[in-house]
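In: I need the structure of the sequence given here:
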Amino acid sequence: MTIEEREKVVAYFPENIDNVQLVSIKESLPDVSYGKLKMVLGWLQKRDTNISQQL
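Out: Reported below is the predicted structural model:
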């Protein structure tokens, strides 16, 4: 997955990813696989964890 593709997908995720529904994002991005959506979700969770640990 390229950085450009990741950024395109990230734009469809809500600010609060705690209760994100991948189905609704998949409906908006039918050309993106669930595997890629899960990869982006994992990246966002890791990013948020790193940010909160720095605070």
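In: and residue 40, what element?
Out: helix 34-54 (DSSP states H and E).
In: quick one: contacts of that helix?
Out: Counting by Cβ atoms under 8 Å, 6 or more residues apart in numbering, helix 34-54 makes contact with 1, 5, 6, 9, 10, 13, 17, 20, 22, 25, 26, 29, all of which sit outside it. Any C-beta I mention is one placed from the backbone N, CA and C, and that applies to glycine too.
In: Filter those down to the ones in helices?
Out: Residues from the contacts of helix 34-54 lying in helices, with DSSP state H as the criterion: 5, 6, 9, 10, 22, 25, 26.
In: tell me the contacts of the fourth one?
Out: Contacts of residue 10 were listed using Cβ under 8 Å, 6+ apart, and they are 40, 44.
In: Next: the last one.
Out: Contacts were defined as Cβ under 8 Å, 6+ apart; by that measure residue 26 touches 32, 34, 37.
In: what separates it from residue 50, distance-wise?
Out: Counting by Cβ to Cβ, to the nearest Å, the gap between residue 26 and residue 50 amounts to 26 Å.
In: next one: the fourth one
Out: Applying Cβ to Cβ, the value for residue 10 to residue 50 is 15 Å.
In: likewise the first one?
Out: Remark: distance between residue 5 and residue 50 (Cβ to Cβ) = 21 Å.
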